[in-house]
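**Q** no sequence on this one, just coordinates:
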């Protein structure tokens, strides 16, 4: 009896993945030259950052937040207000928005992490509604009209961002930096502890880890990254509105994460691309029915692709790899 094992090396799989990322990056760099509308792609990248932020909390830590719109929207308002009313440069406005959302995340996380499951989700949603009410009533937010006419300004006071192409490459650079930051966090020892908390929190506690501190730090990091997405969105679109802090925005980003595949690196990006593309394509044709269509697609994906688009693709490749490594007689 002869046993033969054919096993593809893991470095080859890693190399293939890296080549895929490089190809996608090159495609993104060439997007303006290919005739793609820069503002649409920038909006997609902003929501991709937002989805990656939630995925850090939901996919890798196991915490479902129904209030992430509070961090996305609060940063959008902070950045827009400082740039419009106090002549902040774009980079300072973005930094202020990220810090502001991070601090709000620290407060919300400090309260919410004391609970688990649906109680955690409901607390985050309730506290996010407080942020929504503040944005509705505060005099500097514009109330129901929102904050309109936010100028893009000049990066570091030197590089004008009025051109959509220039603004696009700035957003792309920030997206790549955010994506790499999430990857670095997840692959660090800190990220491995987060995965352990997700899989078996009692065991993590028994091993001596201060679980609440890890969860709080993950929550703050996720909040700050969500704020980065909101700040960029304000610069791109030139406004911040109540829809940015509404609970439906939290639902949309959860949909993006689950649709693409939570717990995967590129899944949230794919999910954001699907949702934003559908909204942009169908909004003028079916109006508010676009939400119904997206909901139906989500239900079908949950039934057919339980791990999300990218998650199911990875699972299929893994099954194929195991099939090729099975000893044959």
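**A** Structure's in. What do you need? Just so we're clear, the structure is a prediction, and the values are computed from it rather than from any experiment.

**Q** So what's the residue count around residue 176?
**A** 14 (other C-beta atoms under 10 Å). Heads up, the C-betas are built off the backbone N, CA and C, glycines and all.

**Q** shift numbering so it begins at 288
**A** Let's use 288 as the start, then, which means that last one is residue 463.

**Q** can you give me phi and psi for it?
**A** Note on residue 463: backbone dihedrals following degrees, to the nearest 10 are phi -60, psi -40.

**Q** State the mean pLDDT of the helix or strand where residue 343 lies.
**A** Using DSSP states H and E, residue 343 maps to helix 325-345. The average pLDDT within helix 325-345 is 94.

**Q** Could you do stretch 392-405 as well?
**A** For stretch 392-405, the mean per-residue pLDDT is 91.

**Q** which residues sit against that stretch?
**A** Residues from elsewhere that reach stretch 392-405, judged by C-beta atoms under 8 Å, 6 or more residues apart in numbering: 350-352, 354, 357-358, 407, 410-411, 414-415, 499, 502-503, 506-507, 509-511, 513-514.

**Q** Need the nearest residue in space to the spatially most central residue of the chain, chain neighbours excluded.
**A** Closest to where the C-alpha atoms of the chain average out (C-alpha atoms, centre = their mean) is residue 338, at 2.1 Å. Spatial nearest neighbour of residue 338, excluding adjacent residues (C-beta to C-beta, 6 or more residues apart in numbering): residue 555 at 3.4 Å.

**Q** Which positions in the helix or strand where the one you found lies come out as buried?
**A** Assigned by DSSP H and E, residue 555 belongs to helix 554-573. Under the neighbour-count criterion of 16 or more other C-beta atoms under 10 Å, helix 554-573 has 554, 555, 556, 557, 558, 559, 560, 561, 562, 563, 566 buried.

**Q** And for stretch 310-320?
**A** 315, 318, 319.

**Q** Nearest spatial neighbour of the first one, chain-adjacent residues omitted?
**A** Of all residues beyond its chain neighbours, the one nearest residue 315 is residue 459 (5.7 Å), with distances taken as C-beta to C-beta, 6+ apart.
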